[in-house]
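Undergrad: coordinates only, sequence not included:
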């Protein structure tokens, strides 16, 4: 028994005791798969973001990839280094057998809230935020992953409102064939690419589609198709999207064309990569015709 107790002590020594390591400064924000806290790291004194994953939800998601040796959210996130991606500092297990991810704390609102509130901070900065979001997504793709949950909710605006940060890699997978086979339908329904909804093979172009819907919404506060609450909402993609000019008649035509290229329902006609989108808007400085 003494040996067993000693073994347990050594094994748990690498785990984080949340109540001893952190002072939780703000009540948890509940996500579908996790809880997120604003916390003070008692080791460094720094205010950080602490994400604790719900074991039952995580287990159900990971079961989709049984036998594929899928990297954890922390293992993926810590590899992603870019000014417009939230910085992940640490990941591991807590003493309660929960996975945690420790990241920089961004003291700002998410893009979805800014759009719902028609926040004036977006005025004159939409192209800037779209470009930064695209560059962040390009970094995810360059690192060999598919984000799979690109949407305004996962874009945080910094406190000075000058930058956007891509967050949440809970659904992110490697961009390799075993993870792109049909069947794994996850993500935000209104931003799901048709091939994902219809359980067809996928690749990084599903992120291009979700990004295009996001960029469309940043410009208009509207979606290209009627809003829905289930994956079946994306079945409407058999119909052409509402022309973005109907919401913004003065939109820069190069920006409008690039966004529509991303939301093409036929994956083979869609903008082939987020880098190509960035090339299409390289000369765009303003969201409207000047």
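TA: Noted; the coordinates are in hand. Since we're looking at a predicted model, the values are computed, not measured.
Undergrad: CA only for contacts and neighbour counts going forward, please
TA: Fine.
Undergrad: quick one, domains of this structure?
TA: Per the record, the chain has its domains at 11-104, 111-280, by automatic domain parsing.
Undergrad: Which stretches in this structure count as helices?
TA: Assigned by DSSP state H, the chain shows helices spanning 2-12, 18-21, 55-62, 73-77, 111-116, 126-142, 194-197, 205-220, 253-262, 274-280.
Undergrad: and among those, the most buried is which?
TA: helix 205-220 (a mean of 26; mean count of other Cα atoms under 10 Å).
Undergrad: what angle sits between it and helix 253-262?
TA: Helix 205-220 and helix 253-262 meet at an angle of 140 degrees, taking axes from the mean of the first three to the mean of the last three Cα atoms, to 10 degrees as the criterion.
Undergrad: what about helix 205-220, distance to the chain center?
TA: Here helix 205-220 is found 12 Å from its chain centre; the criterion is Cα atoms, centre = their mean, to the nearest Å.
Undergrad: can you check stretch 84-98 too?
TA: Put simply, stretch 84-98 sits 16 Å off its chain's centre (Cα atoms, centre = their mean).
Undergrad: quick one: terminal-to-terminal distance for that stretch?
TA: Between the opening and closing residues of stretch 84-98 there is a gap of 28 Å (Cα to Cα, to the nearest Å).
Undergrad: how about low-confidence regions in the stretch 151-290 of the chain?
TA: Scanning the stretch 151-290 of the chain for pLDDT under 70 picks out 228-236, 290.
Undergrad: Kindly recompute the last result at 90.
TA: For the stretch 151-290 of the chain, the stretches flagged by pLDDT under 90 are 159-161, 182-189, 197-199, 226-240, 286, 288-290.
Undergrad: got the helices of the chain as JSON lines, with distance to residue 94 columns?
TA: Output for those, formatted as JSON lines (distance: least, Cα to Cα, whole Å):
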{"stretch": "helix 2-12", "distance to residue 94": "9"}
{"stretch": "helix 18-21", "distance to residue 94": "7"}
{"stretch": "helix 55-62", "distance to residue 94": "11"}
{"stretch": "helix 73-77", "distance to residue 94": "13"}
{"stretch": "helix 111-116", "distance to residue 94": "31"}
{"stretch": "helix 126-142", "distance to residue 94": "27"}
{"stretch": "helix 194-197", "distance to residue 94": "34"}
{"stretch": "helix 205-220", "distance to residue 94": "32"}
{"stretch": "helix 253-262", "distance to residue 94": "40"}
{"stretch": "helix 274-280", "distance to residue 94": "36"}
